[in-house]
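Novice: Test case, fold it:
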Amino acid sequence: MKHFFQTIWSKWKLVILPVLIKWGIPGAGAVAVMDSSTIPVPMDALIAVWVWKDQSHFWAYCLMAAIGSAIGGLLPYALGRAGGELFILKRVNRERYERMKLRFEKQEFLAMAIPSALPPPTPWKAFVFAAGVFEMRVAPFMLAVFTGRLVRWLILSLLVIKLGPGAVGVVQHHALTVLLVVGGIALIGFAIWWRRKRKTGEIPDHPLSS
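Specialist: The predicted structure is shown next:
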């Protein structure tokens, strides 16, 4: 079985991936589908190569890759929706699970859009799995992934056009800083939103109490 997977992986790297890369703009969508659904691919590096070679169409590569990522993400999302609740309940009690679910539901769009916009090592598939577990609706899920990915790759493309393909290394080098800054901004924004909702009475002081 191990040899089988090694053979598949080797064919993917040496045959399938180079073909998809040569497809250009459609290839960006196809590779993004595979990256989000099953086989990890260094999408940032590929976007940089595509954009550097065809700068006038940078927006098209970003658009197609974002669409592909949203479509590919439906697989781990479906896995989470199918049996993820039992998986999580084996690790946390029901009360904590309900609290996690409530927090996710109150900010589900940002909970998917922000991780989708962040570079590695953000555990993106874990957020996708959680979206399925907590039954985020498909349309908002795909829109959040599309939005986050599009923002991420548009910014990367502009950096590549200005700094060259080495911009990928700059982004990865400062990935933790970006993660902390964006995460901090998101937490502050959510805290402000939560406080306003509490004042208007839309959110009770003890949402889990009956």
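Novice: any idea where the strands of this structure begin and end?
Specialist: For the chain, no strands are identified by DSSP state E.
Novice: Helices of that one, start to end?
Specialist: 2-11, 17-22, 25-37, 43-53, 58-72, 74-89, 94-106, 108-117, 124-133, 138-163, 167-173, 175-200 (DSSP state H).
Novice: for the last one, what is the average pLDDT?
Specialist: So the one you mean is helix 175-200. Average pLDDT, helix 175-200: 57.
Novice: ditto for the shortest one
Specialist: Taken as a whole, helix 17-22 has an average pLDDT of 67.
Novice: Kindly report the same for stretch 87-102.
Specialist: When pLDDT is averaged over stretch 87-102, the result is 78.
Novice: what do you get for stretch 121-130?
Specialist: Across stretch 121-130, pLDDT averages out at 86.
Novice: Can you mark which positions in it are buried?
Specialist: Within stretch 121-130, the residues that count as buried by 16 or more other CB atoms under 10 Å are 122, 124, 125, 127, 128, 129, 130. Placement of C-beta: from N, CA and C, glycine included.
Novice: CA atoms only for that stretch, dumped as CSV, please.
Specialist: C-alpha atoms of stretch 121-130 as CSV (Å, rounded to 0.1, in the frame of the first residue of the first chain):
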residue,chain,number,x,y,z
PRO,A,121,1.6,27.4,8.2
THR,A,122,-2.1,28.3,8.9
PRO,A,123,-4.0,25.0,9.4
TRP,A,124,-6.5,25.9,6.7
LYS,A,125,-8.1,22.4,6.3
ALA,A,126,-8.8,22.3,10.1
PHE,A,127,-11.0,25.4,9.7
VAL,A,128,-12.7,23.9,6.7
PHE,A,129,-13.4,20.7,8.6
ALA,A,130,-14.8,22.7,11.5
